[in-house]
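Q: sequence and predicted structure below; questions after.
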Amino acid sequence: MIRDVEALPAQVDLAIVGAGPAGLAAAAMAASLGLSALMLDENPDVGGQIYRAIAANPVKDRALLGEDYWRGEALAKEAVSSSAQHAAGAVVWSVSPLETSGYEIGVSIAGRSRIIAAREVMLATGALERPFPIPGWTLPGVMSCGGAQTALKASGLVPGGRLVIAGCGPLLWLIASQYLNAGVSIEAILDTTPRTNWLSALPHLPAFLISPYLAKGLKLMLAVRQKVRVIAGIEAVRAEGTDKVEAVAYTKSGSERRIAVDTLLLHQGVVPNINLSNAIGCRHIWDDMQLTWKPETDSWGATSVAGITVAGDGAGIAGAEAAAERGRIAALGVAQRLGKIDVPARDRKAVAARTAHARFERGRLFLDAMYRPAKVFRIPQGDTIVCRCEEVTAERIRATVPLGATGPNQMKSFLRSGMGPCQGRLCGLTVAELIADVRGVPVREVGYYRLRPPIKPITLGELASMPKTEASEKTVVRV
């Protein structure tokens, strides 16, 4: 494992950004085909979010996190035992084309930076939680289900006191189950799933009935419902408190009620993490079913930019098992383009992965339709904060649209939304949907933020620490 920029190879065939399911599977496949592969991941170990801390998990009771989590062990062992290299704590802040062919990648580890080269780059950056901008969501004690799950997996930590979970989506039920297994008491689950979603999900029910998700999902939800009060049909949610969250107010059937809380967890699905693919210049499309932007890819994960591949949930949400298969398929595509295998061999080796991928994709449309978040929880009103970094509210965004801010990039100029450390990860979708709502046009007409390096915050000291080469000097100029 590499933990120092000086130990990074100067050049590799394939640089993989991310060491989650897709990155791990791609690294193992690429290495088996004779490619020199390097995984670059910000975390201290492999696994990504879904398999976080899989190699050194502090949770000793395997039943607590569930069998799906521990499936990541085999994936991690296969990648780590291969010839692929893994750089831990590595922040990728730039990917730029070389003058000849290939790409140069700006990487920081422990406060020092370096430029490395790769013939091709695979983005396995996974997913982010969809923004859930409700009044009071910036109060201490309010956090995302994903953040809570990270604390549980990486450190074995759970919140104390009174806990309420609000939102919709499979992860909400999973974190509730894991918390119950850990002995945490949950006051209530506020289910924001619109009842009308059943109508749009119904046409996809036959495929879901024969999918691997049905039995697993029913078992999970039944176990949670037996121990936790689930309040469905939620029409509005608000976190209340002064210095920290003290209560959650919710509306059901037009009537508002309150529950005293110490911790409120929010979740309404996940979306592709597209900041790096966006900055590279890959063409993106709007997915109206998943209500998100995603990079346009072919059947091998290749994007509109030659030499850039996207694998896993970064190319569209499909889950951990599907992500791993997409990683293998994408690695085969890279190996063929780089001359390690021919087209017939590529297609033959991809059969098993494509068969497994099709199985894991089965029933996905039902889940997408069933857990499509309600408009009221995606497009806020009034003084609800949208951009947390710059503290920009919904009403300011709405008021600025008629002044000429007809898209997210114009809104940056007016209000600085999306210009903070998260670079739009927590507000991009909300800003775009707000603008589209005010203008009365589809989100695809509004567009998304234009991003440029550095993709992640980097200090002047990190830039200055780079070896003084022609490549590094050009990179600094671009940044």
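A: Happy to help now that I have it. Numbering: from 1, shown residues only.

Q: rest of the way, CA atoms for contacts and neighbours
A: Noted.

Q: tell me the helix or strand right after whatever helix or strand residue 329 lives in.
A: Under the assignment given by DSSP states H and E, the secondary-structure element containing residue 329 is helix 320-337. Downstream of helix 320-337, the first helix or strand assigned by DSSP H and E is helix 343-361.

Q: tell me the mean pLDDT over whichever helix or strand comes after that next one?
A: Heading C-terminal from helix 343-361, the first helix or strand you meet, by DSSP H and E, is helix 364-370. Averaging the model's pLDDT scores along helix 364-370 yields 96.

Q: alpha carbons of helix 364-370, as PDB, please.
A: Written as PDB, here are the backbone C-alpha positions of helix 364-370 (Å, rounded to 0.1, in the frame of the first residue of the first chain):
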ATOM      1  CA  ARG A 364     -33.700  -1.600 -10.500                       C
ATOM      2  CA  LEU A 365     -36.400   0.400 -12.400                       C
ATOM      3  CA  PHE A 366     -38.900  -0.600  -9.800                       C
ATOM      4  CA  LEU A 367     -36.700   0.700  -7.000                       C
ATOM      5  CA  ASP A 368     -36.000   3.900  -8.900                       C
ATOM      6  CA  ALA A 369     -39.700   4.600  -9.400                       C
ATOM      7  CA  MET A 370     -40.700   3.500  -5.900                       C
END
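
Q: list the buried residues in the helix or strand just after that helix.
A: Later in the chain than helix 364-370, the nearest helix or strand by DSSP H and E is helix 375-378. If you call a residue buried by 16 or more other CA atoms under 10 Å, then helix 375-378 has these buried ones: 377, 378.

Q: so which residues make contact with helix 375-378?
A: If you take CA atoms under 8 Å, 6 or more residues apart in numbering as the criterion, helix 375-378 is touched by 131, 132, 133, 134, 235, 236, 430, 433.

Q: of those residues, which belong to helices?
A: Within those, residues falling in helices by DSSP state H are 430, 433.

Q: make JSON lines from the contacts of helix 375-378 and add pLDDT, neighbour count and distance to residue 84 to it.
A: Formatted as JSON lines, these follow (pLDDT from 0 to 100; neighbours: other CA atoms under 10 Å; distance: CA to CA, whole Å):
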{"residue": "131", "pLDDT": "95", "neighbour count": "24", "distance to residue 84": "35"}
{"residue": "132", "pLDDT": "97", "neighbour count": "23", "distance to residue 84": "38"}
{"residue": "133", "pLDDT": "97", "neighbour count": "27", "distance to residue 84": "40"}
{"residue": "134", "pLDDT": "98", "neighbour count": "22", "distance to residue 84": "43"}
{"residue": "235", "pLDDT": "97", "neighbour count": "20", "distance to residue 84": "49"}
{"residue": "236", "pLDDT": "98", "neighbour count": "18", "distance to residue 84": "48"}
{"residue": "430", "pLDDT": "97", "neighbour count": "24", "distance to residue 84": "38"}
{"residue": "433", "pLDDT": "98", "neighbour count": "27", "distance to residue 84": "41"}
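
Q: hmm, who's touching whatever helix or strand residue 271 lives in?
A: When elements are assigned from DSSP H and E, residue 271 belongs to strand 270-272. Contact with strand 270-272 is made by 126-130, 290, 292-294, 313-317, as judged by CA under 8 Å, 6+ apart.

Q: could you identify the helix or strand that succeeds that strand?
A: Read in the C-terminal direction, the helix or strand following strand 270-272 is helix 275-280, with elements assigned using DSSP H and E.

Q: tell me the helix or strand right after that next one.
A: Once the chain leaves helix 275-280, the next helix or strand it forms, by DSSP H and E, is strand 284-287.

Q: sheet partners, orientation included, of the very next helix or strand once past that next one?
A: For strand 284-287, the following helix or strand on the C-terminal side (DSSP H and E) is strand 292-295. For strand 292-295, the paired strands and their directions (DSSP bridges) are strand 284-287 (antiparallel).

Q: got the CA coordinates for the strand it pairs with in CSV?
A: Backbone C-alpha positions of strand 284-287 (Å, rounded to 0.1, in the frame of the first residue of the first chain) are rendered in CSV as follows:
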residue,chain,number,x,y,z
HIS,A,284,-23.4,14.2,-19.3
ILE,A,285,-27.1,13.4,-19.7
TRP,A,286,-30.1,14.0,-17.4
ASP,A,287,-31.7,10.8,-16.1
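
Q: list of residues touching that strand?
A: By CA under 8 Å, 6+ apart, the list of residues contacting strand 284-287 from outside reads 278, 292, 293, 294, 295, 296, 443, 444.

Q: and the longest strand for this structure?
A: Here the longest strand in the chain is taken by residue count, with DSSP state E as the criterion, and it is strand 112-123.

Q: helix or strand right after that strand?
A: Sequence order places strand 127-129 as the next helix or strand after strand 112-123, per DSSP H and E.

Q: packing partners of that following strand?
A: Applying 3 or more CA pairs under 8 Å, 6 or more residues apart in numbering; DSSP states H and E, one finds that strand 127-129 contacts strand 270-272.

Q: which ones are touching the closest residue to residue 198 other than its chain neighbours?
A: Excluding the flanking residues, the one nearest residue 198 by CA to CA, 6 or more residues apart in numbering is residue 370, at 6.0 Å. Neighbouring residues of residue 370 by CA under 8 Å, 6+ apart: 193, 197, 198, 200, 201.

Q: for the spatially most central residue of the chain, give the beta-bridge partners.
A: Residue closest to the mean C-alpha point of the chain, counted by CA atoms, centre = their mean, is residue 127 at 1.4 Å. The partner list for residue 127 in beta bridges (DSSP bridges) reads residue 272.

Q: that one contacts residue 317, doesn't it?
A: Yes - between residue 127 and residue 317 there is a contact under CA atoms under 8 Å: 7.4 Å.

Q: now do the strand holding residue 271, average pLDDT.
A: Across strand 270-272, pLDDT averages out at 97.

Q: if I look at residue 133, how far off is residue 170?
A: Here residue 133 is placed at a distance of 19 Å from residue 170 (CA to CA, to the nearest Å).

Q: could you do residue 298 as well?
A: The span separating residue 298 from residue 170 equals 27 Å under the rule CA to CA.

Q: which one of the two has more residues nearby?
A: With other CA atoms under 10 Å as the criterion, residue 298 and residue 170 differ in neighbour count, and residue 170 comes out ahead with 16 against 12.

Q: mind listing what that one touches?
A: 217, 269.

Q: ok so, going back, among the contacts of strand 284-287, the buried ones, what's the PyMOL command?
A: Below is the selection syntax for PyMOL that covers the buried ones among the contacts of strand 284-287, with 16+ other CA under 10 Å defining burial:
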select buried, resi 278+292+293+294+295+296+443+444
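
Q: just name the closest of the contacts of strand 284-287 to residue 231, please.
A: Within these, the smallest distance to residue 231 is 27.3 Å, found for residue 292 (CA to CA).

Q: which helix or strand contains residue 238?
A: With DSSP H and E as criterion, residue 238 is part of strand 234-241.

Q: may I have that strand exported as CSV, CA atoms only?
A: Taking only C-alpha atoms (Å, rounded to 0.1, in the frame of the first residue of the first chain), the coordinates of strand 234-241 have been written out as CSV:
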residue,chain,number,x,y,z
ILE,A,234,-45.0,12.4,5.5
GLU,A,235,-45.7,15.7,3.7
ALA,A,236,-43.2,18.0,5.3
VAL,A,237,-40.2,17.7,7.7
ARG,A,238,-38.5,20.4,9.7
ALA,A,239,-35.6,20.2,12.2
GLU,A,240,-36.0,22.5,15.2
GLY,A,241,-33.5,23.8,17.8
